[in-house]
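**Student:** give me coordinates for this.
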Amino acid sequence: AFDMGGTTAKACLVDRGRPFTTNGFEVARVEVGKRGSGLPLRVPAMDLMEIGAGGGSIAWIDALGLLRVGPESAGADPGPACYGTGGKAPTVTDADLLLGRLAPDRFLGGAMTLDVEAARAALATVARPLRLGLVEAAAGIGRLVDENMASAARVHVLEKGKDPRRYPLFAFGGAGPVHACGVARLLGTSTILVPRGAGVTAALGFLAAPIATDQIRSDPTRLERADWARVRALLAELEQAAVATLVGAGVSRARIVVERAADMRYLGQGFEVTTPLPSGRLDARRADAIARSFLATYRGRYGQAVRDQPLEVVSWRVHARSPRPAVTLEPVPRGTDARRALTGRRPAYFEPVGFVATPVYDRDRLGAGARLRGPALLEERESTLVVPPGAAVTITRAGHAVVVLGPIVRSRRRHPQTQRDRVR
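**Tutor:** Numbers count the residues shown, from 1 in each chain. Purely as a prediction, here's the structure:
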């Protein structure tokens, strides 16, 4: 899952429908995305990769004369230069506007007009020292931010023993669909899933998430030496506290789902793996089942696991949650003719061919079953999906877009773009 907003980009590996989680994270980081620069909290959370790369990320030139993007951001106030709200620094959004990826008169569904000249003036501050044209500078900014996000996401996935090429990219956020195809190609994956209402998908997920709580108790013990009567009493106490918390939040006791786990490791290791515990009564006869669960979890996380040394339990956990709500989006009407959603054409920049006269579609008018080929721009109120030449798009019954990348198109009839991209 790939979420690119205004200030940061985040990625989380979702394997077989379940996101990877972590037992701690940092808040109030001094440097965006830099591990160790914030305050650690031992609280269960989704295991996210986060870097300072968003629509408001500022482009700058370092001491060696090299172009950089982020982690500093213009944020929402004053925002990118093209917002016309006081921002002067060149940002990713300014670059996307000059590259034709965003429509100056249809931003936020037409509620906001972007200032193209302000974006040009801001980009000139990095283009001039680099002796580049404005379009060259904008393309460099776009390429650099894609590389930054793809590199961080690749490391995040590889650290979990997984191959990023085997996973489709689920892209959302205001800027996510703009950069999704570029990031996917760099990751080596060819399929991109872009949900309907991509700009507000995170908010929908927050509202639809079940109410949950975790109770954790540290009680280190070797697995083969565990006092199982003590373990059963401890887990019962944790379950009682977790259930009481949810009942106090208004969840019916009969609807509460309880899951037990243990933070385990090989004896002598410095980190643990949260391991699901089998249901039913825990005693010495269940030790082998717990060990097998640990090995399966460890192998899934790191690619291999060998029972060659004793196992240790560091903490016991109880996770209680309300039922997961059934979120069903209203299906979009069937309509296989994409031409009905065509609103016009505009020049958009695609590497390596340059500007191409690109069809623009109103995504809300694309029916289920509609198919089209890139280059294309699919606009909705909160975001724009940029589809490169050679890619194919299919709209699902729920209105989601499935993009399949093709080979890189290296030659195409170019649009006679204006020559004002040179800094004068």
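
**Student:** okay, now Arg307: neighbour count?
**Tutor:** Other residues lying near Arg307 total 13 when counted by other CB atoms under 10 Å. Any C-beta I mention is one placed from the backbone N, CA and C, and that applies to glycine too.

**Student:** how near is it to Arg299?
**Tutor:** According to CB to CB, to the nearest Å, Arg307 and Arg299 sit 11 Å apart.

**Student:** quick one: average pLDDT of the top helix by length along the chain?
**Tutor:** Assignment by DSSP state H gives helix 134-158 as the longest helix of the chain. For helix 134-158, the mean pLDDT works out to 93.

**Student:** swap in stretch 78-92?
**Tutor:** pLDDT averaged over stretch 78-92 gives 93.

**Student:** next one: stretch 322-334
**Tutor:** Per-residue scores along stretch 322-334 average to 84.

**Student:** what segments of the stretch 101-250 of the chain are strands?
**Tutor:** Remark: strands assigned in the stretch 101-250 of the chain by DSSP state E, counting those that start in this stretch are 169-172, 191-194, 212-222.

**Student:** hey, which of those strands is tucked in deepest?
**Tutor:** Compared across the strands of the stretch 101-250 of the chain, strand 169-172 shows the largest average neighbour count, a mean of 25 (mean count of other CB atoms under 10 Å).

**Student:** strand partners (parallel or antiparallel) of that strand?
**Tutor:** Strand 169-172 pairs in its sheet with strand 2-4 (parallel), strand 191-194 (parallel), by DSSP bridges.

**Student:** report the distance from it to the chain centre.
**Tutor:** The chain centroid and the centroid of strand 169-172 are separated by 6 Å under CA atoms, centre = their mean, to the nearest Å.

**Student:** got the end-to-end distance for stretch 100-110?
**Tutor:** 16 Å (CA to CA, to the nearest Å).

**Student:** buried ones in that stretch?
**Tutor:** Residues of stretch 100-110 classed as buried: Gly100, Arg101, Leu102, Ala103, Arg106, Phe107 (neighbour count, 16 or more other CB atoms under 10 Å).

**Student:** could you do stretch 147-163 as well?
**Tutor:** For stretch 147-163, a neighbour-count test (16+ other CB under 10 Å) marks Asn148, Met149, Ala150, Ala152, Ala153, Arg154, His156, Val157, Lys162 as buried.

**Student:** quick one: contacts of it?
**Tutor:** Stretch 147-163 is contacted by residues 2, 4, 9, 11, 13, 15, 20, 33, 49, 51, 53, 69-70, 164, 167, 179, 182-183, 186-187, 300-303 when judged by CB atoms under 8 Å, 6 or more residues apart in numbering.

**Student:** ok, residues contacting the lowest-mean-pLDDT helix or strand in the chain?
**Tutor:** Ranked by mean pLDDT, DSSP states H and E, the weakest helix or strand in the chain is strand 25-27, scoring a mean of 78. Residues external to strand 25-27 that are found in contact with it (CB under 8 Å, 6+ apart): Arg35, Gly36, Ser37, Gly38, Leu39, Pro40, Leu41, Val43, Ala45, Leu48.

**Student:** partner strands of it, with direction?
**Tutor:** Strand 25-27 has its sheet partners listed here by DSSP bridges as strand 39-41 (antiparallel).

**Student:** chain center to the partner strand, what's the gap?
**Tutor:** Mean C-alpha position of strand 39-41 versus that of the full chain (CA atoms, centre = their mean) differs by 22 Å.

**Student:** C-terminal to it, what's the next element?
**Tutor:** Downstream of strand 39-41, the first helix or strand assigned by DSSP states H and E is strand 45-46.
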